[in-house]
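Sequence first, predicted coordinates after that:
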Amino acid sequence: MEEQHQDIKNVFCMEGGQGESSYINNSQSQSRNLKMMLYVLEETLDKIQLPRHRPGKKPLLTAADLGCSCGHNTLLIADVIVDHMTKLCGTGSLGSKDDDGLELEFCFYFCDLPSNDFNTLFHLLPQQAAAARRYFAAAIPGSFYDRLFPERSINVFTSTLSLHWLSQVPEGVANKRSPAYNKGKVFVHGASEETGAAYRRQFRSNMMRFLHCRATELKTGGAIFIVSLGRLSSTRGPTDQGYIYEVYGGMFDDSWRDLIKEGMVDGEKMDSFNVPLYAPTVEEFKEVVDTDGSFKINQLELVMASPPVVDDPADCGMAGRMVANYVRTLLGPLIDTHIGWVMADELFIRMQRHAEIRAEELVDEMCFPHILCSLSLA
Ligand SMILES: C[S@@+](CC[C@H](N)C(=O)[O-])C[C@H]1O[C@@H](n2cnc3c(N)ncnc32)[C@H](O)[C@@H]1O
């Protein structure tokens, strides 16, 4: 059987460019929800310490956004950091107020996997003259599950809507001979206990690695702000990712089955495709942070996001297209790699049909729970 790329490092990204299913055109609802959580980013910034600067040299704040993608949200985060830190510096509350009246300088690193459309992102950056630039910017291609920066070089990390992506499809999940084989499904939701356990193990090992790398890269007094998908605890454990995954997973599975029924792909193509996405509970998240031991938790909670605003809720065609585009922006490149873009087109045509039929329910249910977390280096 043909296996799915186990390591998604070289293929995974959001849809780039500026087209109908691009991330830039399908991240408005994420942006609206993110804005409600940015007060925790400001509280995180209040906790960081900047080193005392040397006379005549501007103090520098280095920040890195992990999983920046190619939309406006990463720039929104950078703006909040510049505005808030400039305000703190002006009030002298950083303890590093510059007697010469020099302002803070900012260096932002936008990090994502190498397949990310960094060009689209950099075209969004304000095109000011160098002298008026609010910050210096650079792209860092690589996985946030690996080391990305030199030791003690970053003051603040942010990672929004990215950490629920695992580094790979968990071991055994796409292997027919494994008890964790996820036959006939593409998500962990509703899968067997063994599949659920494999996903949980992958999440734990990824998160441990993430925290270990960040603890090494942060400067003394540094901090991390995280927003990722999360889930409510349930007795069914990881195989109950929440009703939202039941609704969306069901629509996704049905679209695959349509292709199989129509003879366009064989069943094994579906069985060998799995989405490496895991929404942890607050307890699972806390357990990994505690086990790692490098960070103090300032804040950790589950926040319910609100559903997207649809211009005309009665227009099922429009709502269905919005849902299909939303799913394609997230999963398109992964599916293209697995079945080729011609078949991927066919899959998303079927998905749009299913989405049009269930438009009202899909839009109402599109309110994902999020883990909202602030950590400081212990
Ligand atoms: C939904 S986008 C979030 C973009 C942006 N942070 C926001 O809030 O809108 C998730 C991003 O995480 C990136 N990503 C997933 N796994 C990654 C990894 N291991 N290392 C770096 N980036 C990763 C994806 O490529 C994608 O661009």
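Sure thing, it's come through.

Wait, a strand at T220?
Yes: judged by DSSP: H, G, I helix; E, B strand; the rest coil, T220 forms part of a strand.

close enough to count as contact, it and E151?
No: T220 is not in contact with E151 according to C-beta atoms under 8 Å; the separation is 11.3 Å. For glycine as for every other residue, the C-beta is placed from the backbone atoms N, C-alpha and C.

OK, contacts around the one residue in the stretch 201-350 of the chain that gets nearest to the ligand?
With C-beta to the nearest ligand atom, the shortest gap between the stretch 201-350 of the chain and the ligand falls at L330, namely 6.3 Å. Neighbouring residues of L330 by C-beta atoms under 8 Å, 6 or more residues apart in numbering: M14.

which stretch of helix or strand covers it?
Here L330, judged by DSSP states H and E, is contained in helix 316-357.

Show me what secondary structure element comes after that helix.
Proceeding N to C from helix 316-357, the next assigned helix or strand is helix 359-365, under DSSP H and E.

Need the contact partners of that following helix.
Applying C-beta under 8 Å, 6+ apart, the external contacts of helix 359-365 come out as 243-244, 247-248, 251, 307-308, 310, 313, 316, 319-320, 322-323, 355.

Over to F149: give its phi and psi.
With angles defined as degrees, to the nearest 10, F149 sits at phi -130, psi 160.

do stretch 201-219 and the ligand meet?
No: using C-beta under 6 Å from any ligand atom, stretch 201-219 never reaches the ligand; the gap is at least 7.9 Å.

Contacts for that stretch next, please.
Contact partners of stretch 201-219, identified using C-beta under 8 Å, 6+ apart, comprise 51, 62, 144-155, 157, 163, 166-168, 170-171, 224, 276, 278, 280, 284-285, 288-289, 291-292, 294-295, 377.

Could I have the ChimeraX command that selects the buried members from these?
In ChimeraX, this line selects whichever of these come out buried by 16 or more other C-beta atoms under 10 Å:
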select :62,144,145,148,149,153,154,155,157,163,166,167,168,170,224,276,278,280,284,285,288,289,292,295,377
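
Looking at the contacts of stretch 201-219, which are in strands?
Using DSSP state E, T62, I154, N155, F157, I224, F295, L377 are the members of the contacts of stretch 201-219 that sit in strands.

Tabulate these in JSON lines, adding columns for distance to E301 and pLDDT.
Formatted as JSON lines, the ones in strands among the contacts of stretch 201-219 follow (distance: C-beta to C-beta, whole Å; pLDDT from 0 to 100):
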{"residue": "T62", "distance to E301": "27", "pLDDT": "95"}
{"residue": "I154", "distance to E301": "25", "pLDDT": "97"}
{"residue": "N155", "distance to E301": "24", "pLDDT": "96"}
{"residue": "F157", "distance to E301": "19", "pLDDT": "98"}
{"residue": "I224", "distance to E301": "15", "pLDDT": "98"}
{"residue": "F295", "distance to E301": "16", "pLDDT": "98"}
{"residue": "L377", "distance to E301": "21", "pLDDT": "96"}
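
Check those and tell me the two furthest apart.
Greatest spacing in those, by C-beta to C-beta: T62 and F295 (18.3 Å).

which non-adjacent residue is nearest the residue nearest in space to the middle of the chain?
For the chain, S162 is the residue whose C-alpha lies nearest the centre (C-alpha atoms, centre = their mean; 1.4 Å). Setting aside the residues directly before and after it, S162 is nearest to G67 in space (C-beta to C-beta, 6 or more residues apart in numbering), at 2.5 Å.

okay, that neighbour: pLDDT?
For G67, the pLDDT comes out at 96.

for S143, same thing?
According to the prediction, S143 has pLDDT 95.

Also Q6?
The per-residue pLDDT reported for Q6 equals 53.

what does the protein put close to the ligand?
Contact residues (C-beta under 6 Å from any ligand atom) of the chain with the ligand: 12-14, 27, 30, 34, 67-69, 71, 73-74, 112-113, 116, 143-145, 160-162, 165, 167.
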